[in-house]
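K.L.:
Task: produce atomic coordinates for the following.
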Amino acid sequence: MNLEEAMITASEAIVLVEKLLKRGHLTTVQEIVFRQSWTGQTYLDMAIDSDYDLGYIKDVGSKLWRSLSQALGEKVTKSNLHKVLQRTLQEQNIRNGNEHFNKQIGILKAMAFSPDAQFIASANNDHIVKVWHLATGKCVQTLEGHDACVWSVAFHPIDQILATASEDNTIKLWNLETGCCVQTLKV
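P.N.:
Just a heads-up that it's a prediction; the model follows:
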């Protein structure tokens, strides 16, 4: 497995963590701490961004890392989170005989064919939209940015734009050449 194949998104890591902890979904605050830790944010940044008390954020983080440490049998911290989960994923793949982690986890909520029928966009309950090349069956884009389940995807009939709508009450327009969100509409 090469480095590119091993990289997982924050949402995919959350799905893995929830499976490891075997107690359902992370709480809202746990998810904030996990996502922002995944992207390298400090606890102070998390507290400011979320309007939670710094001490509370640190406490939630400490308890989350302790629970993960117990589930994995090794120390998990904010700083080694990526490394530990990547290794765990790799070990699971070897144990299960899988070459690739099934990254599109969950229940399919929406899908759409591109106007040229070369691509398909799919969305499910993990907040992620994937664009697949039909001829190869490979994922060519992973679009992250919604804070809740994506219910609708639609390709622009001419331009390389994909529109996604989510229960976070936003519509996002994505440039399919770059994979970047170019506009967010609050509905």
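K.L.:
Which secondary structure state is assigned to Lys78?
P.N.:
Here Lys78 is recorded as coil under DSSP: H, G, I helix; E, B strand; the rest coil.
K.L.:
isn't it right up against Thr39?
P.N.:
No - if you go by Cβ atoms under 8 Å, Lys78 and Thr39 don't touch, sitting 11.2 Å apart. Glycine gets a C-beta too; all of them are placed from N, C-alpha and C.
K.L.:
Compare neighbour counts for those two and give me the winner.
P.N.:
Comparing Lys78 with Thr39 by other Cβ atoms under 10 Å, the one with more neighbours is Lys78, at 19 against 9.
K.L.:
Quickly note the distance from the residue nearest to that one when sequence neighbours are not counted to Asn80.
P.N.:
The shortest distance from Lys78 to any non-neighbouring residue, by Cβ to Cβ, 6 or more residues apart in numbering, is to Ser37 (4.8 Å). Distance of Ser37 to Asn80, given as Cβ to Cβ, to the nearest Å: 11 Å.
K.L.:
again, but for Ala110
P.N.:
Where Asn80 is concerned, Ala110 sits at a distance of 36 Å (Cβ to Cβ).
K.L.:
the more surrounded of the two?
P.N.:
Between Ala110 and Asn80, counting by other Cβ under 10 Å, Ala110 is the more crowded of the two (18 against 13).
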